[in-house]
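>>> Structure for this input, please:
(2 chains)
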Amino acid sequence: ETGVTQTPRHLVMGMTNKKSLKCEQHLGHNAMYWYKQSAKKPLELMFVYSLEERVENNSVPSRFSPECPNSSHLFLHLHTLQPEDSALYLCASSQEWWVSGGSYEQYFGPGTRLTVT
Amino acid sequence: GNSVTQMEGPVTLSEEAFLTINCTYTATGYPSLFWYVQYPGEGLQLLLKATKADDKGSNKGFEATYRKETTSFHLEKGSVQVSDSAVYFCALTRTGNQFYFGTGTSLTVIP
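Numbering: from 1, shown residues only, chains lettered A, B, ... in the order given. Now for the predicted structure:
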């Protein structure tokens, strides 16, 4: 596998279910991200991890719980979701999280299409 | 605050037509600007970028020029192909750790 992979690619869950999304990056990067992509809206940054520590949490409801056990893996644990949480969830990674005076390209996975019924 | 506004789609063009997708931004200081492309069923891929005013980013026949005076970074291609059908996202970052994306513009190129 190369780049950033995500599993599953599609997920349908009821509002009372618990599920997890998985992301793995094979690029040797130190930063990983979760984004939510909804129709007609800008990508919403949800969480950022740098060297396995959470560095950003953009007012995301507690029903979304991230986990980063090592710099290659990132999980998003889901429980008691709402129908409005249906979206495409994208994982991304970059070489570093913060750089002064510059920027690092983010590499994205294909996403998990989540439908909450 | 920082934000990106791009033209709403969908955009439908015939093959070999000229493409422009408008993008304007609001940012403090001097951001870096990006265009990402998302092909069906795939994640976003960096298409091109520009890190300072008057820079021109280019890749695969696409170009965009960082215009500070008009706070714009419009994407252009002289002759589109069916394979260019995708969703295009304009984005900016100030520090590299927080990216701000537009809503995306869907492009369909018909033979």
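>>> When you work out contacts or count neighbours from here on, use the C-alpha atoms and nothing else.
Noted.
>>> Just the buried residues of stretch B:3-19, please?
Neighbour-count burial for stretch B:3-19 flags B:3, B:4, B:5, B:6, B:7, B:9, B:11, B:13, B:15, B:19 (criterion: 16 or more other Cα atoms under 10 Å in any protein chain shown).
>>> How about the lowest-mean-pLDDT helix or strand in chain B and chain A, touching?
In chain B, no helix or strand scores lower on mean pLDDT, DSSP states H and E than strand B:99-101, which sits at a mean of 88. Yes - against chain A, strand B:99-101 shows contacts by Cα under 8 Å from any Cα of the partner chain at B:100, B:101.
>>> so what strands line up beside that strand?
Within its sheet, strand B:99-101 is paired with strand B:86-93 (antiparallel), according to DSSP bridges.
>>> Residues of chain B that sit close to chain A?
With Cα under 8 Å from any Cα as the criterion, chain B comes near chain A at residues B:32, B:41-46, B:51, B:93-97, B:100-104.
>>> Quick one: distance of the least confident helix or strand of chain B to the chain centre.
12 Å (Cα atoms, centre = their mean, to the nearest Å).
>>> neighbouring contacts of that strand?
With contacts defined as Cα atoms under 8 Å, 6 or more residues apart in numbering or on different chains, strand B:99-101 is touched by A:42, A:43, B:2, B:3, B:4, B:89, B:90, B:91, B:92, B:93.
>>> The third one and residue A:51, how far apart?
Looking back up the chat, that one is residue B:2. 26 Å (Cα to Cα, to the nearest Å).
>>> ok so, going back, quick check: the farthest pair among the contacts of strand B:99-101?
Across the contacts of strand B:99-101, the longest distance by Cα to Cα is 15.4 Å; it joins B:2 and B:89.
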